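1. With the input below, show me the fold.
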Amino acid sequence: MARETLPVALDLTFGDEGGYSNRKSDRGGPTKYGVTHTTLAAHRGVPSVTANQVKAMTKMEAEDIYRRSYWGQSGGDLLPPGLDYAAFDFGVNSGPARAVKTLQEVVGVREDGHIGEQTLAAVRRYPGGVGAVIRDYCAARMVYLRSLTNPQTGFPANGRGWTIRVTGKDPQKQWADQPGVIGNALRLAANASGSDVEKTQTPAEAGAKADSRDTGLGEVMKKPEAWGPLGGLLSAGGALFAGNGPVQWALAAALVACVGVGLYYFVRRIREAG
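-> You can find the predicted model right below:
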């Protein structure tokens, strides 16, 4: 049943992911219909493609990429109508793994980035039904977007467009209210044919890729995994200040350096893992 929403989902997503762009605030680089140059190269089985090749890509090829690489990986053939579209749009914008992990976080199952029976069962038993899942999922997506604090390519640069895309509300009150992803997802949940969905109008930055590499340090440090390295750093710092001789100071300084390096790689791993 969910598959019948795919053409509607594609049509709606193309409304947010417009024609060719290559903006400095978009980590995706040369992009058309939301398909980045790296994704296009992977689809064609070549090491790379030029900006002109991206610009010449047809909408038909973009649809084929989305069908093959985004719809299924985001759970499109498995999730209920409406939620399938919300996950697909999230996946196009931030990668299918991030879209699925956020859904799994919302429904309270292990975040492995793959839609399986455990995730589907959690969706089915979610209090309030699929409409509640959609609302909470889109709210969680906004939390994720706000965590991308890089001033050049994160929320400070693209947040207004992303907010309009997801919520349909312009923080600056210059664009009229519209359904956004959340509104159209709820409409699809009520009527999978998509006969009453409404294409949204969004600014160019709405199509910028929301990349976990832009996650702010403060957000990374909130993760429980960071407590170990942070505790080690504090202990090492305490030893450094408590040292009463050059040998103790040298050992404590080396410990601080080692913990600092470990913390650096931890932050990088978290960001790259999405």
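
2. what's the nearest residue to residue 184 if we skip its chain neighbours?
-> residue 197 (4.6 Å; C-beta to C-beta, 6 or more residues apart in numbering). In this view, the C-beta of every residue, glycine as well, is placed from N, C-alpha and C.

3. burial count for residue 136?
-> Other residues near residue 136 number 17, with proximity taken as other C-beta atoms under 10 Å.

4. wait, it sits on residue 106?
-> Yes: with contact defined as C-beta atoms under 8 Å, residue 136 counts as touching residue 106 (5.2 Å).

5. on that earlier part again, secondary structure class of the residue nearest to residue 184, three-state.
-> coil (DSSP: H, G, I helix; E, B strand; the rest coil).

6. so what's it up against?
-> Each residue near residue 197 by C-beta atoms under 8 Å, 6 or more residues apart in numbering is listed here: 8, 12, 179, 184, 187, 188.

7. List the ones among those residues that fall in strands.
-> Among those, no member falls in strands (DSSP state E).

8. Same list (the residues you listed) but as TSV, adding distance to residue 155, neighbour count and pLDDT.
-> Formatted as TSV, these follow (distance: C-beta to C-beta, whole Å; neighbours: other C-beta atoms under 10 Å; pLDDT from 0 to 100):
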residue	distance to residue 155	neighbour count	pLDDT
8	28	20	93
12	22	24	91
179	22	18	95
184	22	27	96
187	27	20	96
188	27	29	95
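
9. Tell me which two of these sit farthest apart.
-> 8 and 179 (12.6 Å; C-beta to C-beta).

10. where does the residue positioned nearest the centre of the chain fall, phi/psi-wise?
-> With distances taken as C-alpha atoms, centre = their mean, the residue of the chain nearest its centroid is residue 94 (3.1 Å). For residue 94, the backbone dihedrals (degrees, to the nearest 10) come out as phi -130, psi 0.

11. My guess is it contacts residue 210. True?
-> Yes: in this structure, residue 94 is within contact of residue 210 by C-beta under 8 Å, at 4.4 Å.

12. and for the two, which residues touch both?
-> With C-beta under 8 Å, 6+ apart, residue 94 and residue 210 have common neighbours residue 144.

13. Do I have it right that residue 194 meets residue 82?
-> No: if you go by C-beta under 8 Å, residue 194 and residue 82 don't touch, sitting 9.9 Å apart.
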